[in-house]
Each structure stands twice: as C-alpha cells, then as structure tokens.
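J.: Provided below are the primary sequence and the corresponding predicted coordinates.
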Amino acid sequence: MNAAIRAVARVGISRDCKVYGVRQGYLGLMTDDISLLGLREVGGIMQLGGTFLGSARAPEFKTIEGRQKAVDNLHKRSIDGVVVIGGNGSQTGANALDEMGIPTIGVASTIDNDLIGSDITLGVDTALNIALEAVDRLKVTASSHRRAFLLEVMGRDCGYLALMTGIAGGAEAVVIPEIDTTPEEVVEELSASYRRGKTNGIVIVAEGAKYGVNQLLEYCGQQPDVGFEIRAVTLGHVQRGGTPTAYDRLLGTRLGANAAERLINGEHGGVVGMIKGTETLTPYTAVVGKTKGVDPKLFALADVLAK
Ligand code: F6P
C-alpha cells in the first residue's frame, strides 16, 4: 500500500496538485486527521508493509451522519477527489463517497484477492510468499518426524490464498470456504498420502472454512489410521506484515499512479486494477457487494498434484 500512496502523491504533485494523506482511512476522514503530503513524506516507505498512514475499521462511516462528516472535512480543504486503497469494505465506502459528490477512485488492494476488477490485488503476492515460507519451514519438522501439519492461512470469506498456498507449497489437501471438505475427507487424504510413502503431510485451511484447524486437529487426533502425527499452526496476521515483494511494489506503483492520473483527468466512480497486464478502471457497480470466488479447476488441479 505504501508504494501506491507514494505513487499517488508523486504523480499528483508532478501535475501541480496538492496531495493530502488521510490517517486511519475513513476514521481519519471523519475526525479530520488529514495533512498535506510532500515529496519527502512519501520517501523511504516502499519497502515497508502495511500503510504508513494507518488503517482502521470505521463502523460510523456506514452511517449517513458519519459520511457527511467526511464530506464536510473534504469540502473544508477544497479537496477535489479521493483515492481509496482497499478491498471490498473500503470500495463500498468509496462508492458511497462518490455518490455523495466526491469524485473517488479505488485501488484494488486486499490479500484475499476476492475483489472484482483486478486479476491480482495488491498484497496478495507478499502474503502468498509469507505463507509459502511457512509451509517450507513446516515441512522440515514434518519430514524429520513424519508429521502432518494443518496450517491456517487468512481468508474469512475467500479461499484464494489457501488454494494458491496449497498448489505452490505442494499440500496434500486444501480446505476453503467455497467448497465443502469434511474432516473424514481430510483424514482420507492424509492416510492415503502416508500409505503412498510420503514423509510429511501439509493441509492448508482457510480461516473461514467450515471446519477450522482446531476442529480438524481434534477429529484427526481421534483417528488411529492417519499414520502421521498431527499438529496445527495458525499463521494469522503474520501474513500481513511482510516486506512487500518486487511484484507488489510494482503493482502498487502502477495502480496508484494510474488512479491519480485518472482522477486528475476527471475520471471517477470505479476501482483501478490490473487486468491482463493493463491498468483498468472497473465501475463500482460491477465491484461493490460482489466477490470473485475461486476457480474450481484450480481446486481440482491441487488435488491431482497432491498425489
Ligand atoms: O480482508 C483481509 C483479511 O486479512 C482477511 O483475510 C481476514 O479474514 C481479515 O482481513 C482479518 O481482519 P482483522 O484484521 O480485522 O482481524
């Protein structure tokens, strides 16, 4: 996100705009935590994860009164447009601002990769690499002790990160919210892998899956035929704290720069994402309240490759 903020600021300043940073997202818009950003304020931040401006869950922004406070603060400073970096919740808020007469453009950013309007969203590549590093490390202990690990990765509503971690990490099974997998099926995958002579087992479980790692651990522990000794690990927010990959820095830079250019040129009312290698504006109407879902063919492929 810092790469996107830097690009918005520097493109804006290069086009003789005043650029402001809003602290804590919509919370800062409502509490007037807004300050001018100069060229130097956005220097030295690209290698840092997260956002130097901060972020917050802001339930008050869901109310018309909360939004009106934000609009009043923007008018007070004669701010002509807003770039909102975020996922579904942020872009829903951005759409509301746009409808209240503040020209707004989104930058597609979430580690869940569930936002329509970008083949891959900002943060996914970094989070995926962190999850993969965890898998690689877990495999060391797993192989030494002939164990299986159940690894929970983020994704409350979406299994994209889990599925991609499973494919790239060579997992025996992937458990995601979109496709029902029973504890019995997980045990069957693990015991079949054990019988085929595998020295370790990895099951990637999305945070929002029907059966979480602890439930699966309890069930697997009661089955005498699994073969592997089982352990569970929850990766949690560790995934969101990594050094941004080169891919994410470039993606953030390109999307941020494009969003700023478009806003300055009078475009608004949508989310900028990368589609087939091109920065593309998708209208909020096609984005807000919808999700991308996972590709069932990739889920089937993960199963084939696990053998
Ligand atoms: O939407 C991104 C995400 O990281 C999800 O994968 C996860 O379920 C959620 O945010 C966690 O939210 P919080 O940080 O509020 O616990």
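T.: Looks like it arrived, so ask away.
J.: tell me the contacts of the residue in the stretch 201-307 of the chain that the ligand sits nearest to?
T.: In the stretch 201-307 of the chain, the residue that lies nearest the ligand is residue 207 (5.2 Å; Cβ to the nearest ligand atom). Every C-beta, even on glycine, is put in place using the N, C-alpha and C of the backbone. Residue 207 makes contacts with 152-156, as judged by Cβ atoms under 8 Å, 6 or more residues apart in numbering.
J.: So which of those belong to helices?
T.: Judged by DSSP state H, helices contain none of the contacts of residue 207.
J.: filter those residues down to the ones near the ligand?
T.: 154-156 (Cβ under 6 Å from any ligand atom).
J.: In this structure, where is pLDDT below threshold?
T.: Within the chain, no stretch has pLDDT under 70.
J.: Next to the ligand, which bits of it? Give me the list.
T.: Neighbours of the ligand within the chain, by Cβ under 6 Å from any ligand atom: 87, 110-112, 154-156, 207.
J.: Filter the residues you listed down to the buried ones and hand me the ChimeraX line.
T.: A single ChimeraX command suffices to select whichever of these are buried according to 16 or more other Cβ atoms under 10 Å:
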select :87,110,111,112,154,155,207
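J.: now for the helix or strand harbouring residue 91, which elements pack on it?
T.: In this structure, residue 91 sits in helix 88-99 according to DSSP states H and E. Here helix 88-99 touches helix 64-76, strand 82-86, strand 104-108, helix 284-287, going by 3 or more Cβ pairs under 8 Å, 6 or more residues apart in numbering; DSSP states H and E.
J.: Just put these in TSV and tack on distance to residue 224.
T.: Below are the helices and strands packed on helix 88-99 laid out as TSV (distance: least, Cβ to Cβ, whole Å):
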stretch	distance to residue 224
helix 64-76	56
strand 82-86	47
strand 104-108	47
helix 284-287	49
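J.: any chance of those in JSON lines, plus mean neighbour count?
T.: Below are the helices and strands packed on helix 88-99 laid out as JSON lines (neighbours: other Cβ atoms under 10 Å):
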{"stretch": "helix 64-76", "mean neighbour count": "16"}
{"stretch": "strand 82-86", "mean neighbour count": "24"}
{"stretch": "strand 104-108", "mean neighbour count": "30"}
{"stretch": "helix 284-287", "mean neighbour count": "17"}
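J.: mind checking which of the ones you listed is nearest residue 238?
T.: Closest to residue 238 of the helices and strands packed on helix 88-99, according to Cβ to Cβ: strand 82-86, at 20.5 Å.
J.: care to break the protein down by domain?
T.: With domains defined by automatic domain parsing, the chain comprises 2-123+244-287, 127-241.
J.: Report the distance from the first one to the chain centre.
T.: Relative to the centre of its chain, domain 2-123+244-287 is centred 15 Å away, using Cα atoms, centre = their mean, to the nearest Å.
J.: Any idea how far apart the tips of it sit?
T.: End-to-end distance of domain 2-123+244-287 (Cα to Cα, to the nearest Å): 23 Å.
J.: Stretch 7-23 too?
T.: Distance across stretch 7-23, first residue to last, is 17 Å (Cα to Cα).
J.: outside of it, which residues touch it?
T.: By Cβ under 8 Å, 6+ apart, the residues outside stretch 7-23 that reach it are 5, 28-29, 33-39, 41-42, 53-54, 77, 79, 82-83, 107, 252-257, 259-261, 264.
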